[in-house]
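# Fold the stuff below for me.
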Amino acid sequence: MKSTNWVMNGVLALAVIILYVLHFSGDAATSKQATMQAAGGTKVAYFEIDSIQNNYIFFKDVKDALQLKDMENAKQLAALKNAFSAKYQDLQKNGQYLSQGEVVARQQELQQLEKNYANTEQQLSHVLQEESYRKLQEVKKKIEAFILKYNKDKQFAYVFASNTDLMYYKDTTFDITSDIVKGLNAEYKK
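A predicted model of the protein is given here:
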């Protein structure tokens, strides 16, 4: 039993030494390749999705356009809300001078304004959600298309987007974020 432990420890120590030598000998690209081959030959890379969101100009433009649309929607809803508030305050202020029929008519008008506000809010929200989805899918397709071109000579088996909630460990040796950001921005400027 003890001789088996010695043999296993010796094999593990030898493997660590080989990986150490392969990792620190030669240039960085050779070292990456050797490390990946030692790990089973599967080439894997990742990029930081938050860096793409913060540095990809097209994504920033899309985000800005969606925020502008959201602000326009908020202005439109505020105008409807203000119209309702003005009519409501007028009814509160002058209701005692109106006939019963006029009060009922104004209450119905207020209900219609409230219903109109709710419908408009729902419609604007739905349109914004659909536009956001379409635009974000466009961003995703551009990233995928770029990675496909980028990967022709790199030949990674997998390229992951790193999300802090999903990744527990990552070796920065395989981080291609800066290449992705530079390439995407270069393509977008064209």
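# Show me which residues of stretch 90-99 are buried.
residue 91 (16 or more other Cβ atoms under 10 Å). Using the backbone N, CA and C atoms, a C-beta is placed for each residue, glycine as well.
# err, stretch 77-89, not the other one
Those buried within stretch 77-89 under the rule 16+ other Cβ under 10 Å are 80, 84, 88.
# Now find how far off-centre the lengthiest helix in the chain is within its chain.
The longest helix of the chain (DSSP state H) is helix 100-154. Relative to its chain's centre, helix 100-154 lies at 17 Å (Cα atoms, centre = their mean, to the nearest Å).
# now for that helix, which elements pack on it?
helix 57-94, helix 177-189 (3 or more Cβ pairs under 8 Å, 6 or more residues apart in numbering; DSSP states H and E).
# Just send the ones you listed back as CSV, with distance to residue 162 too.
Formatted as CSV, those follow (distance: least, Cβ to Cβ, whole Å):
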stretch, distance to residue 162
helix 57-94, 16
helix 177-189, 8
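# Make CSV from those helices and add distance to residue 136 and mean pLDDT to it.
Listed next are the helices and strands packed on helix 100-154 as CSV, based on distance: least, Cβ to Cβ, whole Å; pLDDT from 0 to 100:
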stretch, distance to residue 136, mean pLDDT
helix 57-94, 7, 96
helix 177-189, 15, 94
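# looking at those helices, which is closest to residue 152?
Across those, residue 152 has its closest neighbour in helix 177-189 (12.3 Å, Cβ to Cβ).
# In the closest one, which residues are buried?
177, 180, 181, 183, 184.
# same thing with stretch 55-65?
Quick answer for stretch 55-65 (16+ other Cβ under 10 Å): 55, 56, 58, 59, 62, 63.
# picking up where we left off before, which parts of the helix or strand following the longest helix of the chain are buried?
Next helix or strand after helix 100-154 toward the C-terminus (DSSP states H and E): strand 158-162. By neighbour count on 16+ other Cβ under 10 Å, the buried set for strand 158-162 is 159, 161, 162.
# Stretch 103-119 now?
Of the residues in stretch 103-119, those buried by neighbour count under the rule 16+ other Cβ under 10 Å are 106, 113, 117.
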